[in-house]
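Participant: return a 3D structure for these sequence lines:
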Amino acid sequence: MSQLTLPVELWEGFTPSHVEQSHDALIIQLVPTRRPICPCGLVAQHIHDTNLRTVTDRALFEHAVTLRVPVRRLVCSQCGIRTEHITWLSPFSRLTERLIRLVESLLKVLPVKHVASLVGLHWHTIKTLDKRRLNREVVEPDWSQVRRLVMDEFALFKGHRYATVIADADTHQVLWLAEGRSRAAIRPFFERLGQQWHRIEAVAMDMNTAFDLEVQEHCPNARVIYDLFHVVAKYGREVIDRVRVDCANELRGDKPARRHVKRGRWVLLKNHENMNDRERSYLDELLAANHSLMVVYLLKEELKALWYCRDEESAIKRWQLWWQQVHESGLKPLIQFAQKLKPYLSGITASALYPLHTCRLEGMNNKIKLIKRMAYGYRDTEYFFLKIKAAFPGDLR
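Facilitator: Here you go, the predicted model:
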């Protein structure tokens with residue numbers, strides 16, 4: 001045990017009386033240096049009793065710091081018996097405000113597990129502090145300014161458990177998150193939107209019937225726009241992959257040609273402008289040798305053009321031409337896909353009026369996956385959703 005003298009006042013209203021030191025820890029006994037102040041601001045005339053509270057502070061060099069703080073209960077002329085106000089220690093807290101600020105700053109860049117290891121606190125303590133910070137910092141959306149929405153889903157846990165995310169298409173602020181991808185899951189969002197529903201002009205989404213029906217019920221004035229990315233991805237799975245497999249099966253007697261077709265999946269799905277010279281050469285050889293693959297590949301490019309028409313009338317005419325070419329091809333997977341796509345035509349041609357897409361939301365989904373991976377998953381869904389909202393506060397209008 002030794003006396004400790006510090007050149008600055010680290011704990012306002014208190015000073016160290018002595019310190020106990022071990023190889024990696026300091027236990028500092030504090031004593032008050034001023035008359036106790038009631039939370040109402042009055043200086044108390046009498047002390048009712050004193051309790052010794054053990055408090056954790058920031059580490060000092062390589063030493064963990066534990067404080068023994070005499071916390072006094074006062075007799076206030078206005079409030080009665082109250083615990084004294086300590087500027088650096090919240091009521092009932094076992095952590096100093098200085099340590100809490102350090103933890104909060106670290107949590108902005110590091111996972112909970114790493115911060116817990118750095119500061120020597122339990123994982124649950126760090127998580128509680130972070131959740132409290134997020135509840136304080138996440139800004140409530142200005143619902144009166146929301147005009148256009150994008151909706152998508154992402155995997156919440158393994159085992160086909162999903163969550164739905166809704167964002168402002170203009171500011172890219174995440175407005176709503178909920179477990180599930182059903183109508184019941186997103187209905188609370190529209191209930192929260194309330195009378196602002198008439199301001200919603202357009203909603204971009206994939207071809208999710210549940211989303212579509214809920215938007216039509218709550219925002220009848222809004223146009224639904226089906227996202228290009230999801231439609232083309234579905235085309236790739238249901239048409240290109242099926243035709244490619246059929247072509248490969250027809251080439252069982254020619255193993256080199258069959259192998260060439262089987263390995264061509266990614267060049268058939270990849271955007272042409274993103275290919276290198278080697279991939280373009282591979283694609284040209286593949287299409288030249290397989291007529292069916294050439295047809296479905298070219299019609300994929302024609303389908304994508306629907307989203308870039310200058311007006312809705314042009315989009316409808318382009319669709320009619322595409323529909324005719326599909327049936328002339330005679331390819332069963334292609335015809336079946338077109339028939340399933342036809343009921344969604346209005347949401348495709350509407351992209352000429354509202355050029356919305358969920359590509360930005362797909363980028364958000366990638367960041368959501370990163371947030372989840374950094375934390376090795378989240379057991380507290382509310383906490384996970386707060387982390388996502390904090391990561392996407394929106395751009396300034």
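Participant: hey, let's count contacts and neighbours off CA atoms from now on
Facilitator: Noted.
Participant: where in this protein is pLDDT low?
Facilitator: 1-8, 159, 357-361, 376-377, 396-397 (pLDDT under 70).
Participant: can I see the domain layout of it?
Facilitator: With domains defined by automatic domain parsing, the chain comprises 1-94, 95-137, 143-227+356-391, 228-352.
Participant: just give me the neighbour total for I86.
Facilitator: 18 (other C-alpha atoms under 10 Å).
Participant: same check on L283?
Facilitator: By other C-alpha under 10 Å, 20 other residues sit near L283.
Participant: what about the closest residue to it other than its chain neighbours, helix or strand, and which?
Facilitator: Nearest residue to L283, sequence neighbours excluded (C-alpha to C-alpha, 6 or more residues apart in numbering): V267, at 6.1 Å. Following DSSP states H and E, one finds V267 within helix 265-269.
Participant: name the residues of that helix that come out as buried.
Facilitator: Within helix 265-269, the residues scored as buried using 16 or more other C-alpha atoms under 10 Å are 265, 267-269.
Participant: packing partners of the helix or strand just after it?
Facilitator: Where DSSP H and E defines the elements, the next helix or strand beyond helix 265-269 is helix 277-289. Applying 3 or more C-alpha pairs under 8 Å, 6 or more residues apart in numbering; DSSP states H and E, one finds that helix 277-289 contacts helix 265-269, helix 291-305.
Participant: so for R53, which of these sits nearest?
Facilitator: Among the helices and strands packed on helix 277-289, helix 265-269 comes nearest to R53, with 64.1 Å by C-alpha to C-alpha.
Participant: show me what the closest one is packed against.
Facilitator: helix 277-289.
Participant: in the helix it packs on, what's buried?
Facilitator: Neighbour-count burial for helix 277-289 [16+ other C-alpha under 10 Å]: 279-280, 283, 286-287.
Participant: kindly report the same for stretch 37-54.
Facilitator: Those would be 37-38, 43-44, 47, 54, for stretch 37-54 by 16+ other C-alpha under 10 Å.
Participant: what does stretch 193-213 give?
Facilitator: Within stretch 193-213, the residues scored as buried using 16+ other C-alpha under 10 Å are 193, 196-197, 199-207, 211-212.
Participant: among those residues, which are located in helices?
Facilitator: If you go by DSSP state H, the buried residues of stretch 193-213 have 193, 211-212 in helices.
Participant: just send those back as JSON lines, with distance to L74 too.
Facilitator: Converted to JSON lines, these look like this (distance: C-alpha to C-alpha, whole Å):
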{"residue": "L193", "distance to L74": "48"}
{"residue": "F211", "distance to L74": "59"}
{"residue": "D212", "distance to L74": "62"}
